[in-house]
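In: give me coordinates for this.
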Amino acid sequence: MKKYNLQKYKLSNNLILLVYPVFWINSVSIYVAVGAGPKYETGETTGLAHFLEHMLFEGTKKFPSSKELAIYLETVGGKSGAWTDKEHVIYYVKTPGKHIKTAINYLYELLFKSLLNKKSIKNEKQIVLEEINRKNDNPEDNIWDLYMEWVWGKHQWAGLSTLGDVVSINKITEQKLKKYLDALYAPNNMVITVVGNISPNKIKKSISMKFSKFKKNTITPKVQHLVFNQKTSPVKIISSSSNQNQFILGFVTGVSLLHKDRYPLILLSSILGKGVSSRLFNKLVYEYGYAYSFWLHNWFFSDTGIFCASGGVSTKNVIKSVEIITTEFDKLKNEKIEIKELNHTKFLEKTDFSYFLENPDNIASYYATQYLLEKKITTLKEFSINIDNVTPLDIQRVSKKYLTYDSLCFLIKGPISEELKQPIEELFIKKFKT
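Out: Below you'll find the predicted structure:
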């Protein structure tokens with residue numbers, strides 16, 4: 001069976017092309033990561049990257065309508081999509097291998113030949129406003145926007161909503177979109193990853209023919225360094241008429257994508273919340289029945305990071321749930337984890353990553369995003385080595401270093417009374433200050 005490793009090419013205009021052949025499938029997936037998103041926005045322009053992501057599918061010079069553009073791809077069995085994150089936007093297309101040129105032409109049209117006409121902009125505003133309404137109606141989604149805005153503030157990019165708000169969306173114009181497109185959609189601010197049944201040399205030639213036409217951008221966008229200011233109170237309560245309280249209990253760690261403590265924190269979140277047998281998931285969901293779901297998250301940015309516990313509980317179980325969570329945090333600070341439990345967690349983390357990389361679309365998305373933000377690719381072998389190198393003392397060290405009162409931010413939204421704010425604050429003082 002033929003086998004190739006990941007191939008990296010740098011085109012004449014500094015566009016990075018990553019090619020990973022997978023010869024036992026029939027399809028090809030192409031993912032393009034663009035350095036865009038709230039990281040390059042302000043309060044007045046929030047939502048611009050996401051709106052532009054929508055607009056690029058509305059028609060090009062060669063395919064003037066969204067329907068004509070879609071038919072061009074769907075006629076060969078292709079599909080496409082996109083999403084916007086805090087620091088990047090992803091566009092993807094998937095076709096049978098023999099129609100790879102159609103996929104490349106489609107992306108070329110989408111990224112460099114879109115019309116951005118006024119009528120489509122007007123229609124798209126209604127669509128995005130409905131998307132905002134949907135997010136606001138979904139407590140599990142809405143809580144994250146509220147949390148990030150509270151932690152960072154609207155004056156910093158991490159606190160901006162990816163979707164934007166009603167005011168910023170209504171102010172979007174053709175000129176703003178074109179300015180954003182010209183500033184960020186440049187070959188030297190993109191990474192293209194191709195995964196599937198393809199020849200690396202042929203793909204390089206095909207991509208070069210189309211994407212080498214465009215010059216690199218000589219303007220470096222200004223990016224604000226994120227600064228966290230400790231809250232006067234680490235607790236914020238937002239009352240609503242929902243039936244359940246959604247909460248996020250987080251710590252601003254400052255651990256970024258390339259920080260040496262990234263791997264101990266990955267394992268720390270897994271010990272507490274990965275799998276049914278993990279400490280907190282098992283207790284909150286199965287042992288006590290306080291929550292239907294519970295999650296631990298590490299959100300690593302380019303220059304900082306947050307470690308978060310989140311879930312949904314009834315008002316009567318809020319204090320008890322927070323007590324359980326903080327008690328487990330306390331144990332990890334004061335007691336060295338047993339090597340058996342740590343090895344079990346390591347095995348889960350490595351196998352999950354291995355499963356993830358069995359999917360061609362996951363490979364393409366991961367490689368494109370990681371190279372754009374980190375300028376390197378971490379292989380499964382390298383990931384496994386970094387995970388295996390974490391010791392029980394590392395887990396205890398990062399627990400003590402990062403799970404502190406000064407970095408704590410707890411937000412809860414639901415049918416909860418402000419009267420519970422004081423006992424929650426007292427609980428945090430007891431657990432994290434004494």
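
In: CA atoms for contacts and neighbours, from now on please.
Out: Will do.

In: skip the chain neighbours and tell me the closest residue to the residue most central in space within the chain.
Out: Centroid-nearest residue in the chain, with Cα atoms, centre = their mean: residue 85, separated by 5.4 Å. The shortest distance from residue 85 to any non-neighbouring residue, by Cα to Cα, 6 or more residues apart in numbering, is to residue 37 (6.1 Å).

In: before we move on, the earlier item: distance of the residue nearest to the centre of the chain relative to residue 33?
Out: Distance of residue 85 to residue 33, computed by Cα to Cα, to the nearest Å: 10 Å.

In: how about residue 12?
Out: Note on residue 12: its distance to residue 33, by Cα to Cα, is 18 Å.

In: with residue 247 instead?
Out: The gap separating residue 247 from residue 33 is 31 Å, by Cα to Cα.

In: who has more neighbours out of these two?
Out: Each of residue 247 and residue 33 has its neighbours counted (other Cα atoms under 10 Å); residue 33 has more, 30 against 27.

In: sec struct for that one, please.
Out: strand (DSSP: H, G, I helix; E, B strand; the rest coil).

In: what's the neighbour count on the spatially closest residue to it that is not a sequence neighbour?
Out: Leaving aside its chain neighbours, residue 33 sits nearest to residue 90 (4.7 Å; criterion: Cα to Cα, 6+ apart). Using other Cα under 10 Å, residue 90 has 22 neighbouring residues.

In: and for residue 344?
Out: Residues near residue 344, counting by other Cα under 10 Å, number 11.

In: gap between it and residue 197?
Out: Taking Cα to Cα, one finds residue 344 at 35 Å from residue 197.

In: pLDDT weak spots in the stretch 251-400 of the chain?
Out: Across the stretch 251-400 of the chain, nothing is flagged by pLDDT under 70.

In: where along it do the helices fall?
Out: Counting by DSSP state H, counting those that start in this stretch, the stretch 251-400 of the chain has helices at residues 262-273, 279-281, 318-334, 339-356, 360-374, 380-388, 392-402.

In: ok, residues contacting stretch 247-263?
Out: 143-144, 147, 228, 300-312, 374, 386-387, 390, 398, 402-404, 407-413 (Cα atoms under 8 Å, 6 or more residues apart in numbering).

In: filter these to the buried ones?
Out: Buried by 16 or more other Cα atoms under 10 Å: 143-144, 147, 300-302, 304-312, 387, 390, 398, 402-404, 407-413, out of those.

In: quick one on the thing from earlier: rebuild the helices of the stretch 251-400 of the chain as a markdown table, extending it with distance to residue 215.
Out: Below are the helices of the stretch 251-400 of the chain laid out as a markdown table (distance: least, Cα to Cα, whole Å):
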| stretch | distance to residue 215 |
| --- | --- |
| helix 262-273 | 36 |
| helix 279-281 | 50 |
| helix 318-334 | 51 |
| helix 339-356 | 35 |
| helix 360-374 | 18 |
| helix 380-388 | 34 |
| helix 392-402 | 43 |
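
In: so which of those comes closest to residue 211?
Out: For residue 211, the closest of the helices of the stretch 251-400 of the chain is helix 360-374, at 16.0 Å, according to Cα to Cα.

In: now do the closest one: distance to the chain's middle.
Out: 12 Å (Cα atoms, centre = their mean, to the nearest Å).

In: and stretch 376-393, by the same measure?
Out: 21 Å.

In: buried set for it?
Out: Quick answer for stretch 376-393 (16+ other Cα under 10 Å): 377, 383-384, 387-388, 390-392.

In: quick one: terminal-to-terminal distance for it?
Out: 28 Å.

In: residues touching that stretch, excluding its own?
Out: Under the criterion Cα under 8 Å, 6+ apart, residues 263-264, 267, 336-339, 342, 346, 350, 353-354, 367, 370-371 lie in contact with stretch 376-393.

In: most neighbours of all these, which one?
Out: Neighbour-wise, the contacts of stretch 376-393 (other Cα under 10 Å) top out at residue 367, 28 neighbours.

In: and that residue, how far is that from residue 17?
Out: 10 Å.

In: just checking, what packs against the helix or strand hosting residue 203?
Out: If you go by DSSP states H and E, residue 203 is part of helix 200-211. Using 3 or more Cα pairs under 8 Å, 6 or more residues apart in numbering; DSSP states H and E, the elements in contact with helix 200-211 are strand 16-21, helix 100-112.

In: let's see 10 Å
Out: Helix 200-211 is packed against strand 7-10, strand 16-21, helix 100-112, strand 190-196, with contacts defined by 3 or more Cα pairs under 10 Å, 6 or more residues apart in numbering; DSSP states H and E.

In: got the angle for it vs strand 190-196?
Out: Between the axes of helix 200-211 and strand 190-196, defined by axes from the mean of the first three to the mean of the last three Cα atoms, to 10 degrees, the angle is 140 degrees.

In: buried set for helix 200-211?
Out: Quick answer for helix 200-211 (16+ other Cα under 10 Å): 200, 203-204, 206-208, 211.

In: whatever helix or strand comes next after it pairs with which strands?
Out: Once the chain leaves helix 200-211, the next helix or strand it forms, by DSSP H and E, is strand 235-239. For strand 235-239, the paired strands and their directions (DSSP bridges) read strand 408-414 (parallel).

In: now do the strand it pairs with: distance to the chain's middle.
Out: The chain centre lies 21 Å from the centre of strand 408-414; the measure is Cα atoms, centre = their mean.

In: for it, what is the average pLDDT?
Out: The average pLDDT for strand 408-414 rounds to 97.

In: I'd like the next helix or strand past that strand.
Out: With elements assigned by DSSP H and E, the helix or strand that comes after strand 408-414 is helix 421-432.

In: now that next one, how far from the centre of its chain.
Out: From the chain centre to the centre of helix 421-432 is a distance of 31 Å (Cα atoms, centre = their mean).

In: what do you get for stretch 401-418?
Out: Counting by Cα atoms, centre = their mean, stretch 401-418 is centred 22 Å from the centre of its parent chain.

In: may I have that stretch exported as CSV, CA atoms only?
Out: Taking C-alpha atoms only, stretch 401-418 is exported to CSV below (Å, rounded to 0.1, in the frame of the first residue of the first chain):
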residue,chain,number,x,y,z
LYS,A,401,-0.3,27.6,40.0
TYR,A,402,-3.4,28.2,37.9
LEU,A,403,-6.5,27.4,40.0
THR,A,404,-6.3,30.5,42.1
TYR,A,405,-8.8,33.0,43.6
ASP,A,406,-7.1,35.9,41.7
SER,A,407,-7.7,34.2,38.3
LEU,A,408,-11.2,32.9,39.1
CYS,A,409,-14.3,34.0,37.2
PHE,A,410,-17.7,32.3,37.9
LEU,A,411,-20.7,33.3,35.8
ILE,A,412,-24.1,31.7,36.2
LYS,A,413,-27.3,32.4,34.3
GLY,A,414,-30.8,31.1,35.0
PRO,A,415,-33.6,31.2,37.6
ILE,A,416,-31.1,31.9,40.4
SER,A,417,-31.5,34.7,42.9
GLU,A,418,-28.8,37.3,43.7
